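**Q** Have a look at this fold, sequence not included:
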């Protein structure tokens, strides 16, 4: 039993040490000037880091000092965190599974339409407040200036098969903002 507790204590100490940079990066993101891409991540990263810190501290203390109550709390909290992670992963998979892409004749890349994505994603992107934030986030990535450096002529661009969905989305957002 002592080996299991020592192993649990060591693993939780490592998790505790790993939670410090996670929390620090969330605080660092919170101190950055407003950027729509970073704005979505700042507080969830801080909360995740603090939760990992608390749960791993509970597991470390419980395993190191043989406190069964703390170990029980640790196991329940860890089960809840793992369950939440699975829910988030399944949700992300279901929402992003249909990718909205279709092949265009004469083009080496795929184009994307909102009709091909899930209803939840469409409803959240079509909202004008959210679309403005998404467009600002895409504009901050400097994807389009990099494309203009990569492709000299329009024929090179249209025949390329190396255009990523982010680059296609950036082009779409810039073309929609010009209307």
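**A** Right, received. Where do you want to start? The structure displayed is predicted, hence computed values, not measured ones.

**Q** Please make it C-alpha for all contacts and neighbour counts, starting now.
**A** Noted.

**Q** check contacts around the nearest residue to residue 120 once chain neighbours are set aside.
**A** Using CA to CA, 6 or more residues apart in numbering and skipping residues adjacent in sequence, the residue nearest residue 120 is residue 95, 6.8 Å away. Applying CA atoms under 8 Å, 6 or more residues apart in numbering to residue 95 gives the contacts 117-118, 120-121.

**Q** Next: residue 115.
**A** Counting by CA under 8 Å, 6+ apart, residue 115 touches 100, 122.

**Q** And the residue at minimal distance from the centre of the chain, how far from residue 96?
**A** By CA atoms, centre = their mean, the chain has its centre lying nearest to residue 41, at 7.8 Å. Applying CA to CA, to the nearest Å, the value for residue 41 to residue 96 is 19 Å.

**Q** for residue 107, same thing?
**A** From residue 107 to residue 96 the distance is 24 Å (CA to CA).

**Q** for residue 65, same thing?
**A** From residue 65 across to residue 96, the span is 45 Å (CA to CA).

**Q** wait, doesn't residue 22 sit right on residue 49?
**A** Yes - using CA atoms under 8 Å, residue 22 makes contact with residue 49 at a distance of 5.1 Å.

**Q** Looking at the two now, which is surrounded by more residues?
**A** residue 49 (22 against 19; other CA atoms under 10 Å).

**Q** Can you tell me the closest non-neighbouring residue to the more buried one?
**A** Distances taken as CA to CA, 6+ apart place residue 23 nearest to residue 49, at 4.4 Å, with adjacent residues excluded.

**Q** ok, now how distant is that neighbour from residue 104?
**A** Separation of residue 23 from residue 104 (CA to CA): 45 Å.

**Q** quick one: which of these two has more around it?
**A** Set residue 23 next to residue 104 and count neighbours by other CA under 10 Å: residue 23 wins out with 23 against 11.

**Q** what sits against that one?
**A** 45-50.

**Q** Dump those residues to CSV, plus secondary structure and pLDDT.
**A** Putting these into CSV (DSSP: H, G, I helix; E, B strand; the rest coil; pLDDT from 0 to 100) gives the following:
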residue, secondary structure, pLDDT
45, helix, 85
46, helix, 87
47, helix, 89
48, helix, 88
49, helix, 89
50, helix, 91
